[in-house]
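1. can you look at this prediction? I've put the sequence above it.
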Amino acid sequence: AKRHEHLRQYGKLPEAGVGMVITERTPYKVLQLVPGGPVDKTQKVHIGDTLVEVDGVRLDKVPGDKVREVIIGPEGSKVSMQFKEGNKRTSAGAYVIIVLRA
């Protein structure tokens, strides 16, 4: 009900993120995960991993102040993110997660 209230008042759903703090400039390394947040719940993302792509948008050319706009979206919307492992844990050295913004 709260979301519909927000929608009526502001004409859009509340902004939501993925529960992750990254560096302010490229390469966008993961500095912190919000405990119990969407990214934390996947148990795949580690501190020091690099976020390289969001919903098909490569981040190497996206300035720091614009990256937030790419990650943030309507609450409950799906977002796909590709990471490069900070310390290589798998042979691929990279992985993709799909989470719902909360």
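-> Noted; the coordinates are in hand.

2. so where does K29 fall, helix or strand?
-> Counting by DSSP states H and E, the element that carries K29 is strand 28-33.

3. ditto for I97
-> For I97, the element it lies in under DSSP H and E is strand 94-100.

4. tell me which residues in that strand are buried?
-> The neighbour-count check on strand 94-100 (16 or more other Cβ atoms under 10 Å) flags Y95, I97, V99 as buried. Quick note: C-beta positions are derived from backbone N, CA and C, even for glycine.

5. what stretches of the protein score poorly on pLDDT?
-> 1, 3, 6-7, 10, 12-13 (pLDDT under 70).

6. how about residues contacting the strand holding K29?
-> The contact list for strand 28-33, computed with Cβ atoms under 8 Å, 6 or more residues apart in numbering, reads 19-23, 39-40, 45-52, 59, 64, 67, 83, 86.

7. ChimeraX command to pick out the buried ones of those?
-> Here is the ChimeraX command that selects the buried residues among these (16+ other Cβ under 10 Å):
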select :19,20,22,39,40,45,49,50,51,52,59,67,83,86
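
8. could you dump the buried residues of strand 94-100 into a markdown table with distance to V34 added?
-> Shown next, in a markdown table, are the buried residues of strand 94-100 (distance: Cβ to Cβ, whole Å):
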| residue | distance to V34 |
| --- | --- |
| Y95 | 19 |
| I97 | 15 |
| V99 | 12 |
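
9. and those residues, which is closest to E15?
-> Using Cβ to Cβ, V99 comes nearest to E15 of the buried residues of strand 94-100, at 15.2 Å.

10. contacting residues around K2?
-> Counting by Cβ under 8 Å, 6+ apart, K2 makes contact with nothing.

11. strands of the protein, residue ranges please.
-> 15-16, 20-22, 28-33, 50-54, 57-58, 73-74, 78-84, 94-100 (DSSP state E).

12. V96 against G56, yeah?
-> No: the criterion here is Cβ atoms under 8 Å, and V96 misses it with G56 at 10.7 Å.
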